[in-house]
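**Student:** need the 3D shape of this:
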Amino acid sequence: MNFQTVIGLEIHVELNTKTKIFCGCKNEASREPNENICPTCMGYPGSLPRLNQKVVDYALKAAMGLNCEIQRSTHMDRKHYFYPDLPKGYQITQAAKPLGINGQLYLEKAKKTVRIQRIHMEEDTAKMMHRKESTEIDYNRSGVPLIEIVTAPDISNEKELLEFLEELKNLLSFFEISDLKMEEGSLRCDLNINVVDQDRDIKTPVMEVKNLNSFKGAVKACLYEQRRLLETLETGCELTKETRGWDQKKEETKTLRKKEDSLEYQYFIEPEILPLQLSEGKVRNTASRIPELPQKKRSRFKEQYDLPDYDVRILTKNPYVADFFEQTVLVCYAPKRISNWIMTQLLSEMPRGLEGFKELPLKPKDFGKLMALMEGGKIPKKVGEKILKEIIITGENPKRVLENRNLGPITDEQEIREIVKELINKHRKALQDYQKKPGKTINFFMGKGMERTGGRLDPCKLREAIKQELLLINQQKKEE
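**Tutor:** Model (predicted):
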């Protein structure tokens, strides 16, 4: 069978404004359920919503970053449906006139453009927690501001799906409008998928898989639905359009409900919120504050710093890593060494990996000073690693740590020779192999010397001292 998978996405992004979208309640995670609520986000009769302008600013940034056309005149709508997590009986959203339309996001690996049909603002619903004997509802999330990003059905397989989600998250991180923590629900996506039999020109109904909160889950759900829909095409079974959920434990989708038609939502303009008019000045001002975005930054890093693709992708994963790298390079121009250290030594010391760069106490100028010490040959790598472990925690100047902890390099030739003599006396058996394998013996004592001094010995001087001492011992043996 010659088939094609057709995938479109609806991505919900929780915005990190201080207050909710239509009221003054705090927009933050709370330890206690139903703590950050008021009559407006609970949908009490007589409560009046007022649009948070910061939400408009954040949505405008995202729309511009995704190359959308901005609709200067727009409004909010009511979307009616009944569900326990929606106390008003309707959701305030944008249906008829979304803020942004006709955008696009280019996928470099797949070499294709995914069209963005629309970006709009809306409120989140409450959170339902299903127990064995009951369902509990936490309304703290009710009224949390969202943007919804809807793509055209341009994605054809799980690899393109994963690249799109990664690229979108990468781009949104540069606007700092959301914490983008999928595991906490601040970035989640719905998958719209169907399969087309191109030989027989027939296709399955579109299935919607709701609330996928991890990239891995999205990919697995995509593959599962693709297999399921292919089987129905092969067997000739009839399917109806439906909304399905992803069971993470069983790694399968399950039916939630018949998929609603848009007419069933009974949309109409929200009468209690004035239409939104975006001035030319506001649009221009927002456009002027759009940062350099990931794809342009990757291209510049590759050309300006002569870095390989892998390094460039890691360094531009979020704005904090990219800024840290560039500020470090200003102190010590060694782009590749700095890149290597960020990706290995520095990340290995950070429990949250790349996500932890925002809270990193280490300043780029101090990291640059450490790189400069190694680049100038003043300290070896082992000592650099020790200093890094300390300054990540303390934020102290690396030169001061070097002096206070007596970690400076040992370069005095006489002192090095004394250390070598001590090591040879301690490991006399290693001398037996010197005639047959001189290189192996020298490397053995090199390792012991670095181990003995914590990597502080100058490698060239140490190697020379070992050679001289071994030659001297060998000469003495011959004379005997």
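**Student:** what kind of secondary structure is E176 in?
**Tutor:** What DSSP: H, G, I helix; E, B strand; the rest coil gives for E176 is coil.
**Student:** in space, what's closest to it - neighbours in sequence excluded?
**Tutor:** P319 (7.3 Å; CB to CB, 6 or more residues apart in numbering). C-beta: built from backbone N, CA, C; applies to glycine.
**Student:** next: L180.
**Tutor:** L187 (4.7 Å).
**Student:** returning to what we had before: so the residue nearest to E176 makes contact with P291?
**Tutor:** Yes. Because the distance of 6.9 Å satisfies CB atoms under 8 Å, P319 is recorded as touching P291.
**Student:** which neighbours do these two share?
**Tutor:** With contacts taken as CB atoms under 8 Å, 6 or more residues apart in numbering, P319 and P291 have F174 as neighbours in common.
**Student:** who does the residue nearest to L180 form a beta bridge with?
**Tutor:** V13 (DSSP bridges).
**Student:** against L9, how distant is it?
**Tutor:** Distance, L187 to L9, by CB to CB, to the nearest Å: 12 Å.
**Student:** which residue ranges of the stretch 101-250 of the chain form strands?
**Tutor:** 112-123, 127-130, 135-138, 145-151, 187-197, 202-203, 207-212, 242-247 (DSSP state E, counting those that start in this stretch).
**Student:** of those strands, which approaches K97 most closely?
**Tutor:** Closest to K97 of the strands of the stretch 101-250 of the chain, according to CB to CB: strand 112-123, at 8.6 Å.
**Student:** buried sites along that closest one?
**Tutor:** V114, I116, Q117, R118, I119, H120, M121, E122, E123 (16 or more other CB atoms under 10 Å).
**Student:** quick one: closest of the strands of the stretch 101-250 of the chain to M343.
**Tutor:** So among those, strand 187-197 is nearest, using CB to CB, at 24.2 Å.
**Student:** how far does that closest one sit from the chain's center?
**Tutor:** Strand 187-197 sits 22 Å away from the centroid of its parent chain (CA atoms, centre = their mean, to the nearest Å).
**Student:** against which helices or strands is that strand packed?
**Tutor:** strand 3-14, helix 158-173, strand 202-203, strand 207-212, helix 215-235 (3 or more CB pairs under 8 Å, 6 or more residues apart in numbering; DSSP states H and E).
**Student:** would you turn those into CSV with mean neighbour count and mean pLDDT?
**Tutor:** Formatted as CSV, the helices and strands packed on strand 187-197 follow (neighbours: other CB atoms under 10 Å; pLDDT from 0 to 100):
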stretch, mean neighbour count, mean pLDDT
strand 3-14, 20, 96
helix 158-173, 20, 97
strand 202-203, 14, 88
strand 207-212, 20, 92
helix 215-235, 17, 93
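**Student:** out of these, which is closest to K365?
**Tutor:** helix 158-173 (23.6 Å).
**Student:** which of the residues in stretch 367-378 are buried?
**Tutor:** F367, G368, K369, L370, M371, A372, L373, M374.
**Student:** in a markdown table, list those along with secondary structure and pLDDT.
**Tutor:** As requested, the buried residues of stretch 367-378 are exported to a markdown table (DSSP: H, G, I helix; E, B strand; the rest coil; pLDDT from 0 to 100):
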| residue | secondary structure | pLDDT |
| --- | --- | --- |
| F367 | helix | 94 |
| G368 | helix | 94 |
| K369 | helix | 92 |
| L370 | helix | 93 |
| M371 | helix | 94 |
| A372 | helix | 92 |
| L373 | helix | 88 |
| M374 | helix | 88 |
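**Student:** for the residues you listed, which one is nearest S348?
**Tutor:** F367 (14.4 Å).
**Student:** that closest one against E326, yeah?
**Tutor:** No. Using CB under 8 Å, F367 is not in contact with E326; the gap is 11.9 Å.
**Student:** ok so, going back, wait, which of the helices and strands packed on strand 187-197 is closest to E415?
**Tutor:** helix 158-173 (50.3 Å).
**Student:** follow-up on the earlier one: neighbour count for P319 and P291, which is higher?
**Tutor:** Neighbour tally, P319 and P291, criterion other CB atoms under 10 Å: the higher count belongs to P319, 20 against 15.
**Student:** who's in contact with that one?
**Tutor:** S173, F174, E176, P291.
**Student:** same thing but 7 Å
**Tutor:** Contacts for P319 (CB atoms under 7 Å, 6 or more residues apart in numbering) come out as S173, F174, P291.
**Student:** what's the burial count for M450?
**Tutor:** By other CB under 10 Å, neighbour count at M450 equals 16.
**Student:** helices of the stretch 351-480 of the chain, start to end?
**Tutor:** Secondary structure of the stretch 351-480 of the chain, counting by DSSP state H, counting those that start in this stretch: helices at 364-375, 381-394, 398-404, 413-426, 438-453, 459-479.
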